[in-house]
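1. One predicted model, sequence on top.
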Amino acid sequence: MFDGYDLIVYGATVPALIKYEPWGLTPTEAGAIGSYALVGMLIGALVAGVVTDAVGRRKVLLISVAWFSLSMAACAMAPSAELFGLFRLLGGLGLGGVMPTAIALTAEYSAASRRSLNNALMFAGYPVGGIVAAALALELMPTFGFRIMYWLGATPLVVAVPLLWRYLPESLSYLITKGRRDEAVELAARLGTSLPEAAPVGQGKKSPVTVLLSRRHIGPAVLFAITSFFGLLLVYGLNTWLPQIMKSAGYPLSSSLLFLVMMNVGAVVGSVLVAPVGDRLGMKPVTAVTFGAAAVSIYLLSSPTSSWVMYTLVAVAGFGTIGTQIMVNAYVAIHFPPEVRATALGWTLGIGRLGAVVGPTFGGFLLDADLAMEWNFYAFAIPAAAGVLMVFLLPRGAKTTPSAPDRVAVRT
């Protein structure tokens, strides 16, 4: 939820930041600052995928959440645009470690037949956080300015970290890899789950990075990373610039922020409804459909229409962008075996973050170029269409039926 809050909070505050006279930001400069956090996320995701194998997923998640919370507080106090951008970069390092770690843990503790659904339920917090950010911006920014939004972004330090410390279990595959099998058996029995299978003979001594880069996995890993590039370009580009794009199309700022709310509502509802279809039919056709929904809806937004049709298209676009990335993440978690899953997710999201870096800067260039209004939408529909083509190249993968588990029963 707080990761999603961070996604929207910058887009919601961009109009106020551009108007903030002491800093004198242009749209291009604001877009660049929006990308700083994403550069940090890129690095954080790549590092987290490797570090989790050394220190465990529990510690990585705890440190990541605390780190980005402190960085949010620093953003709220930033005296200059340069320091604000630096703190956004540092916050991205922490945020980058949250997503792959949370996905890997969710997949590990889910029954095989429910992995897509459980991942979507867990990830529902992401667009909910975006809705909260947009709603709070509407209510609080006119009175308190943009800084209050970043103070609120620091609350995970006192809300989430204590809960994680008290209740979050360690990864079973990490415990087994570290020779702590008795502890893993006790934990699995307490949680009512089962143990991951041991790594294949000859693979146990190989690092997850080496396994991921092997002939068996490198092709799918590259394809998933490119697919994630297009997905995250759309997620971060639209969530950063949608208020400003809609404002340039003649909508007042309050209505523009409501578009962000509708976009994230569409992501929550669509993802939870569609994820079970992925569990039954496989993730490839579902992901292709969600990318296609994004391309069509964003294209249609370029034409003026009635308000209810516009809000519906924005909701579909939210499902097709944020929802697509949720599907891609579940696809990766299902495709790769447990011993390399966290590293594969870190790789996919890390390389994919290049798209997240490009998205906000791309939107800033579009607005600075002063093109015809409809091109602000066409420019984002094109990468959505490219994403559909990439999905056709991905491996089909097995349907996540109960007959194909990657676990063994716990014997007590």
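-> Yes, it's here. Numbers count the residues shown, from 1 in each chain.
2. going forward, measure contacts and count neighbours with C-alpha atoms only.
-> Noted.
3. quick one: Tyr150 from Ser69, how far?
-> 9 Å (C-alpha to C-alpha, to the nearest Å).
4. Same drill for the two, tell me which one is more crowded.
-> Neighbours were counted for Tyr150 and for Ser69 using other C-alpha atoms under 10 Å; Ser69 has more, 27 against 23.
5. what pLDDT, on average, does the helix or strand encompassing the more buried one get?
-> In the assignment (DSSP states H and E), Ser69 maps to helix 57-77. Averaged over helix 57-77, pLDDT sits at 93.
6. Give the buried residues for stretch 134-154.
-> 134-138, 141, 146-154 (16 or more other C-alpha atoms under 10 Å).
7. quick one on the thing from earlier: do me a favour and average the pLDDT over the helix or strand that the helix holding Ser69 is followed by.
-> Beyond helix 57-77 on the C-terminal side, the first helix or strand identified by DSSP H and E is helix 81-108. Mean pLDDT, computed over helix 81-108, is 89.
8. could you say what helices and strands helix 81-108 packs with?
-> Applying 3 or more C-alpha pairs under 8 Å, 6 or more residues apart in numbering; DSSP states H and E, one finds that helix 81-108 contacts helix 27-55, helix 57-77, helix 115-123, helix 307-335, helix 338-369.
9. contact partners of stretch 24-31?
-> Stretch 24-31 has contacts (C-alpha atoms under 8 Å, 6 or more residues apart in numbering) with 14, 17-19, 81, 360-365, 367-368.
10. Identify the residues contacting the nearest residue in space to Gly56 that is not next to it in sequence.
-> The shortest distance from Gly56 to any non-neighbouring residue, by C-alpha to C-alpha, 6 or more residues apart in numbering, is to Tyr174 (6.2 Å). Residues near Tyr174 by C-alpha under 8 Å, 6+ apart: Asp53, Gly56, Arg57.
11. returning to what we had before: helices or strands up against the helix holding Ser69?
-> helix 27-55, helix 81-108, helix 147-152, helix 156-167.
12. Rebuild the ones you listed as CSV, extending it with distance to Arg180.
-> Listed next are those as CSV, based on distance: least, C-alpha to C-alpha, whole Å:
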stretch, distance to Arg180
helix 27-55, 13
helix 81-108, 17
helix 147-152, 39
helix 156-167, 19
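13. Which one, of these, ends up nearest to Met310?
-> helix 27-55 (24.8 Å; C-alpha to C-alpha).
14. and that closest one, which residues are buried?
-> Those would be 27-53, for helix 27-55 by 16+ other C-alpha under 10 Å.
15. That's all I had, so thanks and see you.
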